[in-house]
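A.B. asks: here you go, sequence then predicted model.
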Amino acid sequence: MALENNLKKTRKIIDRQILYFFPPKADKKNLLRILGKARYSYDEKSAGLALNEPIWDLLGRGGKRWRPALMLLCGEAFGANPKKLLPYSIIPEIIHNGTLMVDDVEDNSDLRRGKLTIHKIYGGDIAINAGNAMYYLPLKILLENPSKFSPKIINSAYSIYVQEMINLSYGQGFDILWHRGTNADISEDGYLQMCAFKTGTLARMAAKLGALFAGASQKNIELAGEFAESIGIAFQIQDDILNLTASEGYGKEIGGDISEGKRTLIVLRALKQLNPNQRQRLLFILNSHTKNQLIIGEAISLIRGTDALEYSGGKAKELVLNAWEKFSKVLPNSKAKKQLKEFADYLIERKI
C-alpha cells in the first residue's frame, strides 16, 4: 500500500514535469523553445492540431508512469538526488507513449486506456507523425540541460538513447512479423529477446540513465539495465496474461492479442502442449485475425486447457528474481534499494 501511494505521488510529479516540458497548447514561447527561431513564422493553430492535441489526448489519459519512477529509484539507489534527475525521468515516458500511438496504428487497435485510440480519432497520418515526434522530442531535454552533468556523461546518455531506440525498432519489427504468422518457428528465447527489445528497452534506458546520472560505474550501469530489462519483459508477460484474463479496468480489448495473432510466451507454451488438432485450430484462429468474440473465446479456452498462463507467470517472476539477485549485490542498503525490489514485484503481480 505504501508503495502504491508513493507511485501515485511520483506520477503526479512526473505529470507536472511533462506538462512543463511539452504543454498542451502550442504557443509562440514553446514553439520557439522546441523549434528555435522561425525563419518565416509559425502556425500555432496547426502545430497544436497536428501535435500537441493528439499527444496530450494520449498523455492526459494517465498511465502508470513506472519508467520515470524506475529511473528516479535507480539514481537514488546509487546516491543521486532524485530532484536533479527529474527533468530527465520523463524521457522514456514520452517515448513510450509515442510507441503506443504508433503500435495502435500498426495493430489497428480500437481502444487505449479505455478510450478510442488516437488514430481512430485523428487519423492514421496524424497519429504516426505525432508518435514519431515523441521518439525525438525528449532529446531536447538533454540539449536543454547540458550543464548539469559533464560532457562525458551527456555523451553517454546520447549513446544509451540511440542504442535503445534502435533496439526498440527491432523488437517491434519482430513482433509485427510474428503476429502476421510469417515465422511459425519461434523459440521461447526468441520471444524473450523480442520482449527485451520491445518492452525491456525503455525500462533499460530508464535504469541505465538513472545509474549514469548518479555516477555509477559502467559495470553497475549495465547491471541496472539488466535488472530493468527483466522488469520490462516480466511486465510484458503479465500484460499478455491480463489480455486473456482481466475484467474491469484493463482499458484494452480483452483477447486483443488473439485478434492480432500475437505469438506470446503464453501462446508458444500452449502450442507445445495442445494435441495436433487443437494446435492447428489455435494457429488458424491466430492467423485469421478475427474480432469475433466467440472465436476469440474458443482460443482462450484452448490456452486455458494447458498450463501456459501459470508457466508464463512463473517465468516472469523467475526473470526478475534472478536479475535482482545480481543487481542487489552492488547496491548499498537504503530505502531506495528496498523500494526497487517492491516496485519490481508490484509490476509483475498487478491485476490491471
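C.D. replies: Perfect, thanks for sending it. Residues are numbered from 1 along each chain as shown.

A.B. asks: going forward, measure contacts and count neighbours with C-alpha atoms only.
C.D. replies: Fine.

A.B. asks: using PDB, write out the CA atom coordinates for stretch 329-336.
C.D. replies: Taking Å, rounded to 0.1, in the frame of the first residue of the first chain, the C-alpha atoms of stretch 329-336 are listed here in PDB:
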ATOM      1  CA  LYS A 329      24.700  -7.200  -4.500                       C
ATOM      2  CA  VAL A 330      26.100  -3.900  -5.900                       C
ATOM      3  CA  LEU A 331      23.600  -1.600  -4.200                       C
ATOM      4  CA  PRO A 332      24.200  -0.200  -0.700                       C
ATOM      5  CA  ASN A 333      21.400  -0.800   1.700                       C
ATOM      6  CA  SER A 334      18.900   2.000   1.500                       C
ATOM      7  CA  LYS A 335      15.300   2.800   1.300                       C
ATOM      8  CA  ALA A 336      15.600   3.200  -2.400                       C
END
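
A.B. asks: buried stuff in that stretch?
C.D. replies: Along stretch 329-336, these residues count as buried under the neighbour rule (16 or more other Cα atoms under 10 Å): 331, 336.

A.B. asks: who touches that stretch?
C.D. replies: Contacts of stretch 329-336 from elsewhere in the structure, counted by Cα atoms under 8 Å, 6 or more residues apart in numbering, are 73-74, 76-78, 220, 337.

A.B. asks: one more: stretch 214-231?
C.D. replies: Contacts of stretch 214-231 from elsewhere in the structure, counted by Cα under 8 Å, 6+ apart, are 74-76, 78-80, 196, 199-201, 203-208, 211-212, 319-320, 323-324, 326-327, 330, 344, 347-348.

A.B. asks: PyMOL command for the buried members of these?
C.D. replies: Selecting in PyMOL just the buried members of the contacts of stretch 214-231, where the criterion is 16+ other Cα under 10 Å, is done with this command:
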select buried, resi 74+75+76+78+79+80+196+199+200+201+203+204+205+206+207+208+211+212+319+320+323+324+327+344+347+348
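
A.B. asks: could you check the pLDDT of K148?
C.D. replies: With respect to pLDDT, K148 scores 82.

A.B. asks: how near is it to Q218?
C.D. replies: In this structure, K148 and Q218 are 20 Å apart, going by Cα to Cα, to the nearest Å.

A.B. asks: out of the contacts of stretch 329-336, which are inside helices?
C.D. replies: Of the positions in the contacts of stretch 329-336, 73-74, 76-77, 220, 337 sit in helices, assigned by DSSP state H.

A.B. asks: and which of those residues is nearest D189?
C.D. replies: For D189, the closest of the ones in helices among the contacts of stretch 329-336 turns out to be N220, at 24.7 Å, with distances computed as Cα to Cα.

A.B. asks: could you check how many residues crowd around the closest one?
C.D. replies: Using other Cα atoms under 10 Å, N220 has 18 other residues around it.

A.B. asks: and whatever helix or strand D175 lives in, what's its mean pLDDT?
C.D. replies: Assigned by DSSP states H and E, D175 belongs to helix 151-179. Mean pLDDT, helix 151-179: 95.

A.B. asks: likewise for stretch 201-221?
C.D. replies: This predicted structure assigns stretch 201-221 an average pLDDT of 97.

A.B. asks: and what of stretch 327-345?
C.D. replies: Taken as a whole, stretch 327-345 carries a mean pLDDT of 93.
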